[in-house]
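**Q** Structure for the following, please:
(one chain, ligands or ions: 2)
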Amino acid sequence: MNLHEYQGKEILNSFGVEIQRGIVAQTADEAVEAAKKLTKETGTSWHVIKAQVHAGGRGKGGGVKLAKSLDDVKEIAGQIIGMNLITPQTSAEGKKVHQVLVAEDVYYPGDNEPEEYYMSVLLNRGSGKNMIMYSTEGGMDIEAVAEETPHLIFTEEIDPATGLLPFQARRIAFNLGLSGKSFKGMVKFVNSLYTAYIKSDSSLFEINPVLKTSDDRVIAVDAKVTLDDNALFRHKDYEALRDIREENPTEVEAKAVGLNYVDLDGNVGCMVNGAGLAMATMDLIKQAGGEPANFLDVGGTADAERVEAAFNLILKDPNVKAILVNIFGGIVRCDRVAQGIVDAYKNMGNIEVPIIVRLQGTNADIAKELIDNSGLDFHSAIEFQEAADKVQQLLS
Ligand code: GDP
Ligand code: MN
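**A** Ligands and ions are numbered 1, 2, ... in the order given. Okay, here's the model as predicted:
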């Protein structure tokens, strides 16, 4: 589950990470009130207005702007709220902005120039350890840094059994070229950030930029946080942070009916039982020259109702040119699944794309007969390869 910047910052702050302070606003008038309140708390009269959407690169798309007066705040917040923000990380249609974060300006002048760093905490699945990735080249173009000058990105691996060791936090501050007050500030920042990552059961914390202010404070200016869905049961209070306006509507619908669905870009819809078989099926589709349009695990009980719900989800995607049903009848009998498929099809009426049905396992032969004799536009298969060949034929 992804969070908004302001929610990520709240979590960070609750674990002692110093952040750029801000208040969320839904309207331009609320933004002005927020700015007044911030000025009282922080003393700064300049503010940044930041679009709150689940996508990075907002600055590049015009979703982060500096306001030097309350009039500016009102005007900019009015522009950003309701806009369709297009960034390098959104689709071409962009994302609708429902709210902004009014934040204190932290790039104020002082003894030193403010400096932007990059830092993220995530799991390295290869080594089974957590890692902190960081760079002096923070700001808006970390993707370009990773591509063109990867040696400027450092990695610190952390054994989850020992946690972050003191020398590791110091090494990070040292590699970032810090000394004195900002060195100490960075050590504290890294420690608190790592604690936040662990205690919130997150799979990603990305802070870009981490800012060294002109008076050498180290603070989080941005926060991209992904909570681990599998640990949400341990954090009942995080459920309230979900913003379904930001999520794929088909995925939200699938979740509501208990189907495991992930939207993808391809042209072949898949309906499969079991995540492993779903992955293998997606490979099969690729081999046959297609691209999977989705991942869909209907789970153990593939009855008519679930099958129909699954067809409905798949058919919402206009790119789907064919559907491959690949079900293994272990606990559930293939003939019952076949009946479910036929019933669902009849119920739905006009499905305009061809459907390849591969049922294997208990009563697979009876199931094939049911499918073949249904009089509907099905193409049945028993072997994996047979199904792949049919996908290929139907796509060409
Ligand atoms: P992103 O573009 O979605 O990654 O959004 P960020 O929160 O990282 O902000 C983008 C950029 O806005 C930052 O890299 C900064 O250059 C700029 N920015 C953020 N906060 C401030 C601020 O307080 N003052 C000024 N002048 N610029 C800011
Ligand atoms: Mn950023």
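
**Q** Tell me the residues of the stretch 251-396 of the chain that contact ligand 1?
**A** Residues of the stretch 251-396 of the chain lying close to ligand 1 (CB under 6 Å from any ligand atom): none. Using the backbone N, CA and C atoms, a C-beta is placed for each residue, glycine as well.

**Q** How is this protein divided into domains?
**A** Here the domain parsing of the chain from automatic domain parsing is 1-19+111-246, 21-105, 248-395.

**Q** The closest residue to ligand 2 within the chain: how many residues sit nearby?
**A** Closest residue of the chain to ligand 2, CB to the ion: residue 222 (3.5 Å). Counted by other CB atoms under 10 Å, the residues lying close to residue 222 total 25.

**Q** how close does it get to residue 321?
**A** Here residue 222 is placed at a distance of 40 Å from residue 321 (CB to CB, to the nearest Å).

**Q** now swap in residue 385 and tell me
**A** From residue 385 to residue 321 the distance is 20 Å (CB to CB).

**Q** Who has more neighbours out of the two?
**A** Neighbour tally, residue 385 and residue 321, criterion other CB under 10 Å: the higher count belongs to residue 321, 18 against 11.

**Q** Near ligand 2, which residues of the stretch 101-250 of the chain are found?
**A** When proximity is defined as CB under 5 Å from the ion, the stretch 101-250 of the chain approaches ligand 2 at 208, 222.

**Q** Would you state the helices of the stretch 101-250 of the chain in chain order?
**A** Listed in chain order, the helices of the stretch 101-250 of the chain (DSSP state H, counting those that start in this stretch) span 142-148, 166-175, 180-199, 249-256.

**Q** looking at these, which is buried most?
**A** Neighbour counts (mean count of other CB atoms under 10 Å) averaged over each of the helices of the stretch 101-250 of the chain peak at helix 180-199, with a mean of 19.

**Q** which strands and helices sit next to it?
**A** helix 5-14, strand 115-124, strand 129-135, helix 166-175, strand 202-212, strand 218-220 (3 or more CB pairs under 8 Å, 6 or more residues apart in numbering; DSSP states H and E).

**Q** Count the residues that sit near the closest residue to the residue of the chain closest to ligand 2 other than its chain neighbours.
**A** Closest residue to residue 222 apart from its sequence neighbours, by CB to CB, 6 or more residues apart in numbering: residue 208 at 5.5 Å. As a burial measure, residue 208 scores 22 neighbours (other CB under 10 Å).

**Q** Can you mark which positions in stretch 50-64 are buried?
**A** Residues of stretch 50-64 classed as buried: 50-59, 61, 63-64 (neighbour count, 16 or more other CB atoms under 10 Å).

**Q** Brilliant, that's me finished.
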